[in-house]
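**Student:** A structural model of the following input is requested.
(chains A and B)
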Amino acid sequence: NAGVTQTPKFQVLKTGQSMTLQCAQDMNHEYMSWYRQDPGMGLRLIHYSVGAGITDQGEVPNGYNVSRSTTEDFPLRLLSAAPSQTSVYFCASSTFRVSEQYFGPGTRLTVT
Amino acid sequence: QQQVKQSPQSLIVQKGGISIINCAYENTAFDYFPWYQQFPGKGPALLIAIRPDVSEKKEGRFTISFNKSAKQFSLHIMDSQPGDSATYFCAALSNYQLIWGAGTKLIIKP
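**Tutor:** Predicted coordinates:
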């Protein structure tokens, strides 16, 4: 099992550009989530999904879109990148024991 | 507004000592309290978790103590080892959402 995979590992964007961060899991987990991690602030939930076709907003959803067309994939789209979106982004998955999430290796995004 | 407050921000402990990290919360709707460990350049990994109807849970050298009336919980690492040097996060779960503390950077000195 590859677990949770994320691509790319690093990305630099210019303000106003859009892009998609990819996330996939091969554990047949129902629950998937996206977090951003900023220094001194812990992780903050952006969006989550409890199954294919079902998504919901977390604490900090503005500027991000998600979709869940399959159980395996949960891409995160930045619509118009802003410097405030410079962060490390983590994707995670779990069964419905949501407290026990498995994390990917992260994507370090810089917006200039 | 931070719903889960974690302290200290950083902690240095001698090898063999006890490391203690504390968290406090306000929302009584939280129904599960995990602790995660994160090494540099990696994603967090679940360490141990507790339900609010349990006052203590122990797994090896790691123990969670939970005080429901005070809305506080803590992680104790016994016989701390240099390999325990990492950032530790407490979190609280409600309605499919994990809310995280700000993290504690733990350094174990040999």
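**Student:** in chain A, what residue lies closest to chain B?
**Tutor:** Of all residues in chain A, residue A:103 sits closest to chain B, at 3.0 Å by Cβ to the nearest Cβ. Bear in mind the C-beta positions are built from the backbone N, C-alpha and C, glycine included.
**Student:** go through stretch A:1-18 and flag the buried ones.
**Tutor:** Under the neighbour-count criterion of 16 or more other Cβ atoms under 10 Å in any protein chain shown, stretch A:1-18 has A:4, A:6, A:11, A:13 buried.
**Student:** now do the phi/psi pair for the residue of chain A closest to chain B.
**Tutor:** Here is the backbone geometry of residue A:103 (degrees, to the nearest 10): phi -100, psi 150.
**Student:** neighbours around it, how many?
**Tutor:** Applying other Cβ atoms under 10 Å in any protein chain shown, we find 23 residues neighbouring residue A:103.
**Student:** so what's it up against?
**Tutor:** A:4, A:90-92, B:43-45 (Cβ atoms under 8 Å, 6 or more residues apart in numbering or on different chains).
**Student:** farthest-apart pair in the residues you listed, please.
**Tutor:** For the contacts of residue A:103, the maximum inter-member distance is 14.1 Å, found between A:91 and B:45 (Cβ to Cβ).
**Student:** residue B:21: what's it in contact with?
**Tutor:** Neighbour list for residue B:21: B:6-8, B:11, B:74-75, B:88, B:90, B:104, B:106 [criterion: Cβ under 8 Å, 6+ apart].
**Student:** neighbour-wise, which of these leads?
**Tutor:** residue B:90 (29 neighbours).
**Student:** any idea which element that one lies in?
**Tutor:** Per DSSP states H and E: residue B:90 is located in strand B:86-94.
**Student:** the residue nearest the centre of chain A: what secondary structure?
**Tutor:** The centroid of chain A falls nearest to residue A:34 when counting by Cα atoms, centre = their mean (3.0 Å). With DSSP: H, G, I helix; E, B strand; the rest coil as the basis, residue A:34 sits in strand.
**Student:** now do it against residue B:23, distance only.
**Tutor:** Distance from residue A:34 to residue B:23, counting by Cβ to Cβ, to the nearest Å: 23 Å.
**Student:** please name the residues that touch the closest residue to chain A within chain B.
**Tutor:** With Cβ to the nearest Cβ as the measure, residue B:43 is the residue of chain B nearest to chain A, at 3.0 Å. Contact analysis of residue B:43 by Cβ under 8 Å, 6+ apart lists A:4, A:90, A:92, A:103-106.
**Student:** quick one on the thing from earlier: buried among the contacts of residue A:103? Make that a PyMOL selection.
**Tutor:** A single PyMOL command is used to select the members of those judged buried by 16+ other Cβ under 10 Å:
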select buried, (chain A and resi 4+90+91+92) or (chain B and resi 43+44)
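**Student:** before we move on, back to that, out of the contacts of residue B:21, who's near chain A?
**Tutor:** For chain A, the contacts drawn from the contacts of residue B:21 by Cβ under 8 Å from any Cβ of the partner chain are residue B:6.
**Student:** mind putting the contacts of residue B:21 in TSV, secondary structure included?
**Tutor:** Below are the contacts of residue B:21 laid out as TSV (three-state DSSP):
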residue	secondary structure
B:6	strand
B:7	strand
B:8	coil
B:11	strand
B:74	strand
B:75	strand
B:88	strand
B:90	strand
B:104	strand
B:106	strand
